[in-house]
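Visitor: Build me a structure from this.
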Amino acid sequence: MNIAIFGLGYVGSVSAACLAAAGHRVVGVDLDPNKLSLLRSGRAPVSEPGLDALLGRMIGEGRVSVTDDATAAVRASDLSLVCVATPSRANGSLDTTYLERVMAQIGEALAGQDAYHVVAVRSTVLPGVVEGHLVPILRQASGRRVPEDIGVCVNPEFLREGSALADFEQPPFTIVGETHPRAGDVLTQVYGHLGAPVHRVRPDEASMVKYASNNYHAIKVAFANEIGAVCSQLGADGHEVMRIFCEDRDLNISSKYLRPGFGFGGSCLPKDLRALVYVAKDRDLHTPLLDSVIPSNDAHIKRVVDVVLERRKRKVALLGLSFKSGSDDLRESPFVRLAEALIGKGVPLRIFDPDVELDSVFGRNRVYVEEHLPHVAQLAAGSVDDATADAEVVVVCKRVTDVATLLRVTGGNRIVIDLVGIPELVGAVRPWASRDASLVQASRA
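Guide: Numbers count the residues shown, from 1 in each chain. Coordinates of the predicted model:
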């Protein structure tokens, strides 16, 4: 395939070298004469192990060329990869100036052309930027239809400095955020030589995978540093603690808990988090990440309360009360807090949880529920049918029954709020999902 790459910095030059080595013909576009001069001499404009040799070989073989003529590059290509910088402004917002300029150049180059062309944004962009801001620029500059005549995709990169060539050739996955399947088909062909799974999603989802990844990496660094700081104050070896911590591949270093849903609770997590935050403050140690976790959890519970109240329905059934399936532990259960908040707003509530036999709840567990839901016995239903009989809203907190029964009791005109993520509950409201996801999927189909 003939590919134009806009922006010959770190991402652009690595992408150019690797795609050319995979058999594509690449023309790199940049306005910096120093970069162009270096590249024409067979040298990389950035420092990256192995890049000089690979790029030099590709330029020597004529598989990579460079230019400052955007129009010529676009018209000689099937695909434009946009790899320009998206720096932060002083207030933290994203500066899309370079992106806007490149999209206008590509649009102008495509004006009056008939051939189908795909523009893939490899630069890191926030959700909404491509379809809401860049596509209109491309459409206006070209005078052509998007996505019918010009395809647009979001194609984030996951290259680390120092290992970029290996990261390109052996990625964990390839993400194609397509505005139309035809554009996605073209972009997928570019990476056909890679063995990684390809995820074809909407542009905003592709953008958010990159942000979720980088933000999680930052959180991991901050978490390890704060644990290390607390260890130091308490006379423990932080490196040894985190070394052993990382050996748990079932919970600590795994996909567990990394699914959107509801808040955490139970007898351990809130208690132990508060204890560590307290001991840090007692030692005059500032741990802003750990300090923020309980407030973050509280905010998420409130978001779901608001989602229920926004429906403006008076009768609500809560399917689930203990903090997780298979347990009758009500201590600090986020679902107890949800029930408490709804009752406080005057919402008539019925609750069903087969894990909880109120007559068998003793000790601290009973004390907790009597403090927070003193009339829980009056709210409890003996079956899922009893709980949902008159309900206008059904909140699915846990898997309290089989899917067939769940579909039956949530049918009709009832509003279903799914905090679990049960695929069969088509049309359910999920606080973490796009409100127009069904419309988008329908339009893509």
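Visitor: where in this structure is pLDDT low?
Guide: When residues are selected by pLDDT under 70, those of the chain lie in 359-362, 434-445.
Visitor: per the record, what domains does it have?
Guide: Annotated domains of the chain cover 2-201, 294-444 [automatic domain parsing].
Visitor: Quick check: which of these is nearest to residue 221?
Guide: domain 2-201 (13.8 Å; C-beta to C-beta). Every C-beta, even on glycine, is put in place using the N, C-alpha and C of the backbone.
Visitor: Deepest in the core, which of the domains of the chain is it.
Guide: Most buried of the domains of the chain, by mean neighbour count (mean count of other C-beta atoms under 10 Å): domain 2-201, with a mean of 19.
Visitor: So what would you say the end-to-end distance of that one is?
Guide: 24 Å (C-alpha to C-alpha, to the nearest Å).
Visitor: Buried residues of the lengthiest helix in the chain, list them for me.
Guide: Longest among the helix segments of the chain by residue count, using DSSP state H, is helix 203-234. For helix 203-234, the neighbour count (16 or more other C-beta atoms under 10 Å) marks 203-210, 223-224, 226-231 as buried.
Visitor: which one among these gets closest to residue 338?
Guide: residue 208 (26.1 Å).
Visitor: Do I have it right that that closest one meets residue 127?
Guide: Yes. Residue 208 is within contact range of residue 127, at 5.6 Å (criterion: C-beta atoms under 8 Å).
Visitor: Strands along the chain, start to end?
Guide: 2-6, 25-29, 64-67, 79-82, 117-121, 150-154, 174-178, 198-201, 316-319, 349-352, 393-396, 415-418 (DSSP state E).
Visitor: Redo those strands as CSV? Include distance to residue 256.
Guide: Formatted as CSV, the strands of the chain follow (distance: least, C-beta to C-beta, whole Å):
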stretch, distance to residue 256
strand 2-6, 39
strand 25-29, 41
strand 64-67, 44
strand 79-82, 36
strand 117-121, 33
strand 150-154, 28
strand 174-178, 23
strand 198-201, 21
strand 316-319, 23
strand 349-352, 27
strand 393-396, 21
strand 415-418, 20
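Visitor: quick one: the longest helix of the chain to chain centroid distance?
Guide: Distance of helix 203-234 from the chain centroid (C-alpha atoms, centre = their mean, to the nearest Å) equals 14 Å.
Visitor: Does anything pack onto that helix? Which helices or strands?
Guide: strand 150-154, strand 174-178, helix 238-245, helix 269-282, helix 288-310 (3 or more C-beta pairs under 8 Å, 6 or more residues apart in numbering; DSSP states H and E).
Visitor: let's go with 6 Å and repeat that
Guide: Counting contacts by 3 or more C-beta pairs under 6 Å, 6 or more residues apart in numbering; DSSP states H and E, helix 203-234 packs against strand 150-154, strand 174-178, helix 238-245, helix 288-310.
Visitor: Tabulate these in CSV, adding columns for distance to residue 377.
Guide: What follows is these, written out as CSV (distance: least, C-beta to C-beta, whole Å):
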stretch, distance to residue 377
strand 150-154, 52
strand 174-178, 50
helix 238-245, 42
helix 288-310, 22
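Visitor: With residue 120 as the reference, name the closest of the ones you listed.
Guide: Comparing the helices and strands packed on helix 203-234 under C-beta to C-beta, the one sitting nearest is strand 150-154, at 4.5 Å.
Visitor: now the angle from that closest one to strand 117-121?
Guide: 20 degrees (axes from the mean of the first three to the mean of the last three C-alpha atoms, to 10 degrees).
Visitor: Check which strands are paired with strand 150-154 and give the direction for each one.
Guide: In the sheet, strand 150-154 lines up against strand 117-121 (parallel), strand 174-178 (antiparallel) (DSSP bridges).
Visitor: which one of these lies closest to residue 272?
Guide: strand 174-178 (35.8 Å).
Visitor: and that closest one with helix 203-234, angle?
Guide: 140 degrees.
Visitor: Dump the strands paired with strand 150-154 into JSON lines; add distance to residue 151 as well.
Guide: Below are those laid out as JSON lines (distance: least, C-beta to C-beta, whole Å):
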{"stretch": "strand 117-121", "distance to residue 151": "4"}
{"stretch": "strand 174-178", "distance to residue 151": "8"}
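Visitor: So which of those is nearest residue 105?
Guide: strand 117-121 (10.8 Å).
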